[in-house]
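Enquirer: Any chance you could fold what I've pasted below:
(chains A and B)
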Amino acid sequence: MSPAPILAAAPHGFLSPTGVEIAFLLVGLVTFGAALITVTTRQLVHAALWLVVALGGLAVEYLLLTAEFIAWVQVLIYVGSVVVLLLFGLMLTRAPIGRSPDADSGNRWAALAVAVAAAVALVWVVADAFRTTWIDLTGPAAGTTHVTGASLFRYWVLPFEALSVLLLAALVGAIVLSRKARAGEDAGTGADDRDEAAGATPAPVPAQKDGAR
Amino acid sequence: MHLVYPAVLSALLFCTGLYGVLARRNAILVLMSVELMLNAVNLNLVAFDVWLSRAARDTLHSGQALTLFTIAVAAAEIGIGLAIVLAVYRNRGTSDIDKLRDTAEGPDDAEPGAVAAQKTEATA
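Expert: Numbers count the residues shown, from 1 in each chain, chains lettered A, B, ... in the order given. The predicted structure follows:
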């Protein structure tokens, strides 16, 4: 494999990465490693904390791609609220602290085979398809708050408003799902006196999600 | 920047999330893996938006708008998903998705008995 002679005439060198590419590669390695630890660790709380590293690394990647508004939204919503929600969920389902030997199910090897096959196929196809494509990162940034806001409120207003309705529906749905059934309402399913603390759990869910919006 | 870098990183992250969804047993860990997959898609959208906004003069910035929508939908999804997981945990006393086999069909008839026993135990 030596496409260097062909691409030597191109304005971008194939084997001479720029500083942005090197930074992207390093942060990408950290992100990928944190994602791997997230899906393989046996300590459930550590999985959530490594997820913070992976999502924060992705925010840095967005910054390197000059999409700064997306990066700050990523930090706000994912690192700030989704991970907190996940930690609340782990806490409220009495997740064991420390190593839990049954974190992975029995079909782990089949899952590994599927994931590796999908990774090989996707990487091969993507690398083959975009081998000679470069992103031009010079010039004005493509994703500043000004640019993103202008395009969002000029061309995407209707989906944006529909999205707010969807978030409202999700909020109401989360409240309805997690509301404790009254005693007289349906005595047949009266299994929820098992955990009094869990009855008060959903309060963080809508609050956090509202903040996420 | 070479477009292959973000595209390959996105593919690898997606497959990591795929492995997590298939191999994890705790429902909340499955939700974390779903978040990883959604983030891989977001990275792809941002990278291709930055590329196309220069190369093909896509002035709509559709990639970044779709990324914002995906993030919002993921936030809604995680709220609903956690509410469901908590409701299941309150009713069954577990968030182990291998044990939630009420709608399972198949030859293993030993499982429904265990689940029924567990359900009565949870109801009592």
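Enquirer: ok, B:A27 touching B:S95?
Expert: Yes - B:A27 lies in contact with B:S95 (CB atoms under 8 Å); the separation is 4.5 Å. Every residue, glycine included, has its C-beta placed from N, CA and C.
Enquirer: Can you pull the residues that touch both of the two?
Expert: Shared contacts of B:A27 and B:S95 (CB atoms under 8 Å, 6 or more residues apart in numbering or on different chains): A:93, B:85, B:88.
Enquirer: Need the worst-confidence member of the residues you listed.
Expert: Of all those, A:T93 carries the smallest pLDDT score, 86.
Enquirer: For it, give me its contacts.
Expert: Applying CB under 8 Å, 6+ apart, we find A:T93 in contact with B:27-28, B:85-86, B:89, B:95.
Enquirer: Which of the residues you listed fall within helices?
Expert: B:27-28, B:85-86, B:89 (DSSP state H).
Enquirer: ok, which of the residues you listed also contact chain A?
Expert: Applying CB under 8 Å from any CB of the partner chain to these, one finds that B:27-28, B:85-86, B:89 fall near chain A.
Enquirer: Only the buried residues of the helix or strand that contains B:F48, if you could.
Expert: B:F48 belongs to helix B:27-55 when assigned by DSSP states H and E. Neighbour counts over helix B:27-55 (16 or more other CB atoms under 10 Å in any protein chain shown) mark B:27-54 as buried.
Enquirer: again with stretch B:97-108
Expert: In stretch B:97-108, counting by 16+ other CB under 10 Å, buried: B:I97.
Enquirer: Same check on stretch A:98-110?
Expert: So, applying 16+ other CB under 10 Å, buried residues of stretch A:98-110: A:103-105, A:108.
Enquirer: Return the subset of the residues you listed lying in helices.
Expert: A:R108.
Enquirer: Keep the buried residues of stretch A:98-110, but drop any that are not near chain B.
Expert: Contacts with chain B within these, counted by CB under 8 Å from any CB: A:103-105, A:108.
Enquirer: Next, work out how far apart B:A55 and chain A are.
Expert: For B:A55, the distance to chain A equals 7 Å [CB to the nearest CB, to the nearest Å].
Enquirer: Quick check: nearest residue in space to that residue, chain neighbours excluded?
Expert: A:D136 (7.2 Å; CB to CB, 6 or more residues apart in numbering or on different chains).
Enquirer: Need the three-state assignment for the one you found.
Expert: Counting by DSSP: H, G, I helix; E, B strand; the rest coil, the backbone at A:D136 sits in coil.
Enquirer: And for it, the neighbour number?
Expert: Applying other CB atoms under 10 Å in any protein chain shown, we find 14 residues neighbouring A:D136.
Enquirer: How about A:R94?
Expert: The burial count assigned to A:R94 is 14, neighbours taken as other CB under 10 Å.
Enquirer: A helix includes it, no?
Expert: No - counting by three-state DSSP, A:R94 is not part of a helix but coil.
Enquirer: Show the backbone phi and psi for it.
Expert: When read as degrees, to the nearest 10, the backbone of A:R94 gives phi 50, psi 50.
Enquirer: least trustworthy position among the ones next to chain B among the buried residues of stretch A:98-110, going by pLDDT?
Expert: Least confident of these in the model: A:A103, at 74.
Enquirer: give me phi/psi at the closest residue to that one other than its chain neighbours?
Expert: Spatial nearest neighbour of A:A103, excluding adjacent residues (CB to CB, 6+ apart): A:R42 at 4.7 Å. Phi and psi for A:R42, reported as degrees, to the nearest 10, are phi -100, psi 0.
Enquirer: residues touching A:R42, list them.
Expert: With contact set as CB under 8 Å, 6+ apart, A:R42 has these partners: A:99-101, A:103-104.
Enquirer: again, but for B:T70
Expert: Applying CB under 8 Å, 6+ apart to B:T70 gives the contacts B:38, B:41-42, B:45.
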